[in-house]
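>>> Any chance you could fold what I've pasted below:
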Amino acid sequence: MITTDQTVRTFLDFFRDRGHARTPAGSLVPSPGDPVLFTTSGMHPLTPYLMGRSHPLGRRLTGSQRCLRTTDLEEVGDDTHLTVFEMLGSWSLRDYDGSQSLRWGFELLRDGFGIDPNRMYATVFGGDEQVEPDHESWRTWDELGLPVEPTTDENWWSNGPTGLCGPDSEIFVWTGDDWPEGTPTSDHRWVELWNHVMMRYLRHRDGSLEPMRGPVIDTGLGVERLVRVLQNTQSVFDIDVFGPWTTALPRIWGPLDERSLRLVSDHLRSSIVILGDRVAPSPSGRGHILRRVIRRALTTLWRDDPTRTLADLPIEVVERTLGHFRQSVPAQEVRAILLDEERKFHLLLQGGRKVLSQRRFTGPLTDDDYHYLHDTHGLPRDLVVYLTAEADVR
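Numbers count the residues shown, from 1 in each chain. Now for the predicted structure:
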């Protein structure tokens, strides 16, 4: 069975053999001056070069980048969503066109990873009032023999209200037990694996589109989703890199329902990686995201057993996580910060219980109550919801 590390090497070697230079893996923390809190995609560090600046490594690039997204935080615990994940990418900076990118993508999935083309489906941009359908991608998939589903918004990529944009084509893989059926938009068992973005335009403030000079291609392939397919597991939480988590946590904390085990594994693993990039917990900014993720893990753990503690977390799991993401922060240092956050959160919960025991909070809480609790006592809404649910159970 192919491992996660072997999967990453196979991808990078494939594009290296086709003239792509490997870019160094960056931190979760963007470069100074970047308004984004965390790196959310493999292309993020390359934005200036996608816009036209010459890259010192050339016009064909590939790489693996750790990323963090909080937009899907409520979905973590399903079969596909993670907070911190790895993104494989390939880029053409005004070199080859979108058709070549799709052909290489199909070749790697079929020949490099052994995925049956009968389990693949492609989506393409079907056109709108401004831009005609992506005939190039559609024609390429027809020549390769893959079924194609056209969409509109789902296959139009943009970097914001202005700036780079263009059609994209996504490769889906069937994850059901039976023969593939339906289409990617009609059956959730079609899982998006690899997105190829053709950045053909610059959108201006007035909404007009200016064609780019030469093809700019950005592709992104989620490592954990790909490995789930290659290892034929039910979810990303059943692949090899999560094995130490899903084995250790029930051993030290007793049985957890499946979604709770997945959430705690993801959030603690993500917290370790964020700490590995030298982000400290704080009331705002990046540190607030870190603190929120740690506290979500703790509230899930304590919901069934308030005696559970991060002091029981094996140091080997912390070390393996830092090692996988090639981070040099000592595991004991990371563990000490986690324990300090647990202590602070425990004290905050104690204070919150006293505040909520006051008579004014005995009935259903209003928006004014939530604002007061946050502004006066530092209790965020999600924590108040947790404490009131805890009181109801008691």
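>>> Tell me how many other residues crowd Asp116.
For Asp116, the tally of surrounding residues (other Cβ atoms under 10 Å) stands at 11. Any C-beta I mention is one placed from the backbone N, CA and C, and that applies to glycine too.
>>> Got phi/psi on it?
Per-residue torsions, Asp116: phi -60, psi 120 (degrees, to the nearest 10).
>>> these two touch, right, Pro167 and His135?
No: Pro167 is beyond contact range of His135, at 10.0 Å (criterion: Cβ atoms under 8 Å).
>>> And those two? Which one has more around it.
Shown here are Pro167 and His135; by other Cβ under 10 Å, Pro167 has more neighbours (26 against 12).
>>> Just the CA trace of the host helix or strand of that one, in PDB.
Element membership of Pro167 [criterion: DSSP states H and E] is strand 163-174. Output in PDB follows, covering the C-alpha atoms of strand 163-174 (Å, rounded to 0.1, in the frame of the first residue of the first chain):
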ATOM      1  CA  GLY A 163      -7.300  40.400  -9.900                       C
ATOM      2  CA  LEU A 164      -6.500  37.000 -11.300                       C
ATOM      3  CA  CYS A 165      -9.400  34.800 -12.400                       C
ATOM      4  CA  GLY A 166     -10.500  32.300 -15.000                       C
ATOM      5  CA  PRO A 167     -12.100  28.900 -15.600                       C
ATOM      6  CA  ASP A 168     -11.000  25.800 -13.800                       C
ATOM      7  CA  SER A 169     -11.400  22.100 -14.500                       C
ATOM      8  CA  GLU A 170     -11.700  19.700 -11.600                       C
ATOM      9  CA  ILE A 171     -11.000  16.000 -11.600                       C
ATOM     10  CA  PHE A 172     -13.300  13.900  -9.400                       C
ATOM     11  CA  VAL A 173     -12.800  10.300  -8.300                       C
ATOM     12  CA  TRP A 174     -15.600   7.800  -7.400                       C
END
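>>> ok, and what's touching the following helix or strand past that strand?
Using DSSP H and E, the next helix or strand after strand 163-174 towards the C-terminus is strand 190-198. Identification of contacts with strand 190-198 by Cβ atoms under 8 Å, 6 or more residues apart in numbering yields 43, 80, 98, 101-102, 105, 109, 121, 134, 136-137, 157, 166-175, 180, 182-184, 215-222, 225-226, 228-229.
>>> Let's test this: mean pLDDT of strand 190-198, rounded?
Mean per-residue pLDDT for strand 190-198: 95.
>>> roughly how far is it from the heart of the chain?
When distances are taken as Cα atoms, centre = their mean, to the nearest Å, strand 190-198 is centred 14 Å away from the chain's centroid.
>>> then it to CSV, C-alphas only?
Presented in CSV, the C-alpha positions along strand 190-198 are these (Å, rounded to 0.1, in the frame of the first residue of the first chain):
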residue,chain,number,x,y,z
TRP,A,190,-17.7,11.8,-6.4
VAL,A,191,-14.9,13.5,-4.5
GLU,A,192,-13.0,16.4,-5.9
LEU,A,193,-9.3,15.5,-6.1
TRP,A,194,-7.4,17.9,-8.4
ASN,A,195,-8.2,21.4,-9.6
HIS,A,196,-6.6,22.9,-12.7
VAL,A,197,-7.1,26.7,-12.8
MET,A,198,-6.5,28.5,-16.1
